[in-house]
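# okay, structure incoming, though there's no sequence with it:
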């Protein structure tokens with residue numbers, strides 16, 4: 001009797017413990033907790049992006065990493081790949097049942113971005129880091145226009161980045177040499193433009209260099225002695241470190257890299273080019289349509305647009321599209337009269353937009369949109 005009573009107590013105790021564990025599990029996975037878990041996962045992902053992409057942080061007004069440049073190495077790229085795999089597991093484990101539609105969409109979009117990152121990484125894009133419009137030879141030269149220069153600390157952050165630029169270009173060079181071995185090469189004629197772009201920056205005298213632009217007008221918060229010290233340090237860094245690094249990079253591209261650029265322009269001419277093209281089509285269209293299906297869709301839409309344009313041309317007294325297009329090309333009223341006029345129009349539309357944004361969005365960027373001329 002006593003033995004049965006004892007076993008009953010043990011069984012009840014075990015049952016109570018199991019129920020407590022289940023209750024705890026239910027509490028952990030309650031709707032509120034799961035929503036908080038998703039928010040925290042998104043925040044951690046965002047902070048990872050900012051920490052590993054200091055230039056991005058600067059561009060959006062986060063000054064925590066303004067004295068750093070991103071790690072361009074292949075090892076850093078592989079760490080990003082591993083991070084994406086781990087993050088996918090984190091987000092996939094979050095049950096969004098019962099979430100508001102927008103929050104559930106956050107998980108969907110985050111997973112899409114992470115999977116896209118992995119799909120792209122298999123083609124080692126870091127081995128082709130430059131072309132005529134993108135790359136560190138242009139991005140680094142644009143940094144002075146993107147950084148704040150309000151305090152001594154801002155200038156010291158900038159100086160630290162100047163010191164880091166030669167290493168960044170060296171990392172690019174290492175990646176490009178590996179790309180050369182792997183036959184991951186941009187078109188030759190575009191690389192020739194990269195050479196001239198980098199060399200032009202290297203040849204700029206100090207007074208005209210984009211890297212000394214912040215020295216032309218110091219804020220009142222920077223004392224005269226600090227201005228002299230910072231001017232001397234920044235000019236020395238540009239003259240002795242940055243310009244030689246750009247010249248070295250230009251010489252590498254000209255002598256060792258560009259001559260081996262691919263002659264076929266299309267992405268299909270790369271190793272695994274067809275697969276890379278399919279991934280790019282899927283990412284850019286967010287569909288599973290094949291490139292051939294996308295092309296057919298485009299042809300169909302062009303035919304429809306041509307018919308609409310012809311109807312418009314005829315309504316304006318033109319017999320065919322050729323005469324209509326010739327009129328548009330030759331009519332000076334369809335062209336800007338000056339670069340200043342075009343600049344002023346952009347500023348006008350940006351100002352219009354700025355006034356409307358608070359009516360459409362509850363949370364606005366800290367850094368305002370600025371219309372600036374493109375660097376020469």
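Happy to help now that I have it. Bear in mind that the values here come from a model prediction, so they are computed numbers and not experimental data. Numbering: from 1, shown residues only.
# can I assume residue 368 is in contact with residue 351?
No. Counting by Cβ atoms under 8 Å, residue 368 stays clear of residue 351, with 10.8 Å between them. The C-beta positions use only the backbone N, C-alpha and C, and glycine is treated the same way.
# can you pull the contacts of the most centrally placed residue in the chain?
Nearest to the geometric centre of the chain sits residue 56, at 7.4 Å (Cα atoms, centre = their mean). Residues near residue 56 by Cβ atoms under 8 Å, 6 or more residues apart in numbering: 49, 50.
# and it, what element?
For residue 56, the element it lies in under DSSP states H and E is helix 54-59.
# other SSEs contacting the helix or strand just after that helix?
Per DSSP H and E, the first helix or strand lying C-terminal to helix 54-59 is helix 74-92. Helices and strands touching helix 74-92, by 3 or more Cβ pairs under 8 Å, 6 or more residues apart in numbering; DSSP states H and E, are helix 31-52, helix 101-121, helix 152-181.
# and the angle for the second one with helix 31-52?
Pointing back at helix 101-121 there. Per axes from the mean of the first three to the mean of the last three Cα atoms, to 10 degrees, the angle that helix 101-121 makes with helix 31-52 is 40 degrees.
# and the angle from helix 101-121 to helix 74-92?
150 degrees.
# what residues does the very next helix or strand once past helix 101-121 touch?
Downstream of helix 101-121, the next assigned helix or strand under DSSP H and E is helix 136-142. The contact list for helix 136-142 (Cβ under 8 Å, 6+ apart) reads 55, 69, 72, 129-130, 165, 168-169, 172, 194, 197-198, 201, 210-211, 246, 249-250, 375.
# low-confidence ranges, the chain, go.
1-28, 376 (pLDDT under 70).
# could you rerun that using 90?
By pLDDT under 90, the low-scoring segments of the chain are 1-29, 265, 268, 333-334, 365-370, 372-376.
# surely residue 61 meets residue 367?
Yes. Residue 61 lies in contact with residue 367 (Cβ under 8 Å); the separation is 4.1 Å.
# before we move on, back to that, any idea which of the helices and strands packed on helix 74-92 is most buried?
Ranked by mean neighbour count, the helices and strands packed on helix 74-92 are led by helix 152-181 with a mean of 19 (mean count of other Cβ atoms under 10 Å).
# what's the helix or strand that comes right after that one packed up against?
Using DSSP H and E, the helix or strand that follows helix 152-181 in sequence is helix 188-203. For helix 188-203, the elements it packs on are helix 136-142, helix 243-252, judged by 3+ Cβ pairs under 8 Å, 6+ apart.
# format the ones you listed as CSV; extra columns: mean neighbour count.
Below are those laid out as CSV (neighbours: other Cβ atoms under 10 Å):
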stretch, mean neighbour count
helix 136-142, 20
helix 243-252, 20
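# save the ones you listed as CSV, and put in distance to residue 186 too.
Formatted as CSV, the helices and strands packed on helix 188-203 follow (distance: least, Cβ to Cβ, whole Å):
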stretch, distance to residue 186
helix 136-142, 13
helix 243-252, 14
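# residue 289: which of those is closest?
helix 136-142 (32.9 Å; Cβ to Cβ).
# run the chain-centre distance for that closest one.
14 Å (Cα atoms, centre = their mean, to the nearest Å).
# now stretch 333-342
For stretch 333-342, the distance to the chain centre is 31 Å (Cα atoms, centre = their mean).
# now stretch 134-153
Taking mean C-alpha positions (Cα atoms, centre = their mean), stretch 134-153 and its chain are 15 Å apart.
# now do the end-to-end distance for that stretch.
From its first residue to its last, stretch 134-153 covers 29 Å (Cα to Cα, to the nearest Å).
# try stretch 47-67
17 Å.
# between the helices and strands packed on helix 74-92, which one is nearest to residue 292?
The nearest among the helices and strands packed on helix 74-92, by Cβ to Cβ, is helix 101-121 at 19.9 Å.
# quick one: list the elements packing against the closest one.
helix 31-52, helix 74-92, helix 273-285.
# and the residue nearest to residue 222 when sequence neighbours are not counted, what is it in contact with?
Leaving aside its chain neighbours, residue 222 sits nearest to residue 152 (5.6 Å; criterion: Cβ to Cβ, 6 or more residues apart in numbering). Residues in contact with residue 152, defined by Cβ under 8 Å, 6+ apart, are 221, 222, 226, 230.
# next one: residue 152 from residue 291, what distance?
54 Å (Cβ to Cβ, to the nearest Å).
# one more: residue 251?
Distance, residue 251 to residue 291, by Cβ to Cβ: 38 Å.
# kindly report the same for residue 246.
38 Å.
# the residue lying closest to residue 275 once chain neighbours are set aside - how many residues pack around it?
Spatial nearest neighbour of residue 275, excluding adjacent residues (Cβ to Cβ, 6+ apart): residue 123 at 7.8 Å. Residues lying near residue 123 (other Cβ atoms under 10 Å) number 20.
# so residue 123 makes contact with residue 272?
Yes. Shown here, residue 123 and residue 272 form a contact pair, counting by Cβ under 8 Å, at 6.3 Å.
# strands along the stretch 251-376 of the chain, start to end?
Counting by DSSP state E, counting those that start in this stretch, one finds no strands in the stretch 251-376 of the chain.
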